[in-house]
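J.: Got a sequence here, can you build the structure:
(one chain, ligands or ions: 1)
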Amino acid sequence: MKISIIGTGYVGLTTGTCFAEVGHEVTCVDNNPEKVQTLLDGKIPIYEPGLEDLVKKNVAAGRLKFTTSTEEGVENGDVVFIAVPTPPQPDGSVDLSFIEKVAREIAVCLTPQSGYKVIVDKSTVPVKTGEKVAETVKRYAKPGCEFGVVSNPEFLREGSAVDDLLNPDRIVFGSNDERATQLMQKIYEPFVAPVLVTDVESAELIKHAANSFLALKISYINAVGRICEKSGADIEKVAEGIGMDDRIGRKFLNAGLGYGGSCFPKDIKAFIAISESLGYPFDLLKQVEQINDDQRTLFLSKIREKLWVLQDKKIAVLGLAFKQNTDDVRESVAIKLIHEMLAEGAQVTAYDPEATETAKKFGNLDGKITFAEDVYSCVEGAEALVIATEWPEFAHADLAKVRELMSANLIFDGRNLIDPVAAANQGFEYHSIGRPVTGA
Ligand code: UGA
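T.: Numbers count the residues shown, from 1 in each chain. A predicted model of the protein is given here:
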């Protein structure tokens, strides 16, 4: 199949590359010439395990092309995917101006001679966006152009995006047009996964409802964690016990500092705004957000309670990325926490296996903190160690060595990565989320 992807951000680039990997002919379009040049040089602008090799392989095989020309993209693709950003506006609703612009650009590139095209929305959008895209394309296209509009939400996670795309749990697309449905089915033929075909509106809603449900699971376990702290129970055991029920499942029940990233915070806000505009105030999701925000505040108050004053205290922070296996620091709880500690005068040294450069560039931390090269240089001389991101490397650190290097014995583990008994055995006073304090 001939496919084009407009927008080579996280979603566009990984989706386009994986489509090429399964044998489709893919043209990726981006309006940023530097980014396109980087990709043509075989480099990728993000850290995503396995992606660079796949890009190189498929470019070399002639199945994956990059261009700045939307016209070339529309000409080369029977199916044109839109994968551009849908950022939040100050009131939480979604800024759809990039989608609208691309819909217009695609429309003017269509010709009656180019035949039937499918325009697929891959970006996360509010329900009824497909209807707007169809109206827009119809308005700006020349008479006689034939097209269908489809919604095809993505469910990839940063850090495991390639695997999520090549081996998905499910494929969902919404189409109100039989010709579009058939072409979409052909695109997904090489993938071994159940395919759910719905109407456009349901597919759009599935994306927001899925992300909100996952965020709800996280806030739920964090709320239960608070009860654990007050009662002496252990959230890890509680999560295991409730997760053994197949109807609940253990996944996404990891208590911690709460969710961050480019998706959950934005999507939950958007879903609240959409529901509100449709006449349903989604109070449950407002609570999910509130619990998530409070999680960081409560954690900081634990640190404050022990260190008494943060002014001039040396604090080592492990983790800058919003989660493990990524260099993405968007809406990173680690970065927010660091800024809050800096505001109280703490001296912060941080280490992240991949996100140092992005934290300097986008986290507004350059010149404000010291960036360490590894766990051990990070903790040297520190009075307290804070674990803010769930990198496996932090769980495997040599605690005896860490204790030797630090000048005091406090650990605040915001991701429950370390065994509380092991920490206490090494002489630490160990605080975590939803578990009893050890070594005090
Ligand atoms: C999320 C969804 O998991 C994907 O299915 C979806 O496609 C994607 O958003 C999107 O909308 O594009 P992602 O943001 O990459 O993917 O990361 P997750 O692995 O879902 O983690 C999100 C946040 O939740 C992280 O900050 C993580 O630390 C936190 N988290 C996750 C917890 O605090 N506890 C958990 O049990 C799981």
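
J.: what about Cys28, is that helix, strand or coil?
T.: strand (DSSP: H, G, I helix; E, B strand; the rest coil).

J.: For the remainder of this discussion, apply numbering that starts at 56.
T.: Right, with 56 as the first residue, what we last looked at is Cys83.

J.: Quick check, it in contact with Phe121.
T.: Yes. Using Cβ atoms under 8 Å, Cys83 is in contact with Phe121, at 5.1 Å. For glycine as for every other residue, the C-beta is placed from the backbone atoms N, C-alpha and C.

J.: Common neighbours of those two, please.
T.: Listed as contacting both Cys83 and Phe121 by Cβ atoms under 8 Å, 6 or more residues apart in numbering are 63, 94.

J.: neighbour count winner among those two?
T.: Per other Cβ atoms under 10 Å, whichever of Cys83 and Phe121 has more neighbours is Cys83, with 28 against 22.

J.: for Leu420, what are its contacts?
T.: Counting by Cβ under 8 Å, 6+ apart, Leu420 touches 375, 390, 393-394, 405, 414.

J.: Please list the residues of the stretch 156-305 of the chain that sit near the ligand.
T.: 179, 209-213, 266, 269, 273 (Cβ under 6 Å from any ligand atom).

J.: Throw the residues you listed into TSV and include secondary structure, neighbour count and pLDDT, thanks.
T.: Below are these laid out as TSV (DSSP: H, G, I helix; E, B strand; the rest coil; neighbours: other Cβ atoms under 10 Å; pLDDT from 0 to 100):
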residue	secondary structure	neighbour count	pLDDT
Thr179	coil	22	94
Glu209	coil	23	96
Phe210	coil	15	95
Leu211	coil	19	95
Arg212	coil	15	93
Glu213	coil	25	90
Asn266	helix	21	97
Leu269	helix	17	98
Ile273	helix	21	98
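
J.: What subset of the contacts of Leu420 is buried?
T.: 375, 390, 393, 405, 414 (16 or more other Cβ atoms under 10 Å).

J.: sorry, back to before: kindly reformat the contacts of Leu420 as TSV containing distance to the ligand.
T.: Formatted as TSV, the contacts of Leu420 follow (distance: Cβ to the nearest ligand atom, whole Å):
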residue	distance to the ligand
Leu375	12
Ile390	11
Ile393	15
His394	17
Ala405	17
Ala414	15
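
J.: And the strands in the chain, which stretches?
T.: Shown for the chain, the strands assigned by DSSP state E span residues 57-61, 80-84, 119-122, 134-137, 172-176, 202-206, 226-230, 250-253, 369-373, 402-406, 425-426, 439-442, 465-468, 484-486.

J.: Any chance of TSV for these, columns mean pLDDT and distance to Pro104?
T.: Output for those, formatted as TSV (pLDDT from 0 to 100; distance: least, Cβ to Cβ, whole Å):
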stretch	mean pLDDT	distance to Pro104
strand 57-61	98	20
strand 80-84	98	20
strand 119-122	96	18
strand 134-137	98	23
strand 172-176	98	26
strand 202-206	98	28
strand 226-230	98	22
strand 250-253	98	26
strand 369-373	98	20
strand 402-406	98	19
strand 425-426	98	22
strand 439-442	98	22
strand 465-468	98	25
strand 484-486	98	31
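
J.: wait, what's in contact with the residue nearest to Ile329 when sequence neighbours are not counted?
T.: Of all residues not flanking Ile329 in the chain, Pro181 sits nearest, at 4.5 Å (Cβ to Cβ, 6 or more residues apart in numbering). If you count contacts by Cβ under 8 Å, 6+ apart, Pro181 has them with 148-149, 151, 259, 263, 325, 328-329.

J.: Same check on Ser230?
T.: 203, 205-206, 236, 239, 252, 254-255.

J.: so His303 sits right up against Glu295, yeah?
T.: No, residue 303 isn't His; it's Ile. No. In this structure, Ile303 is not within contact of Glu295 by Cβ under 8 Å, at 11.0 Å.

J.: Leu221 is in contact with Cys73, correct?
T.: Yes. Cys73 is in contact with Leu221 according to Cβ under 8 Å; the separation is 5.5 Å.

J.: Between these two, which has more neighbouring residues?
T.: A count of neighbours by other Cβ under 10 Å puts Cys73 above the other of Cys73 and Leu221, at 24 against 18.
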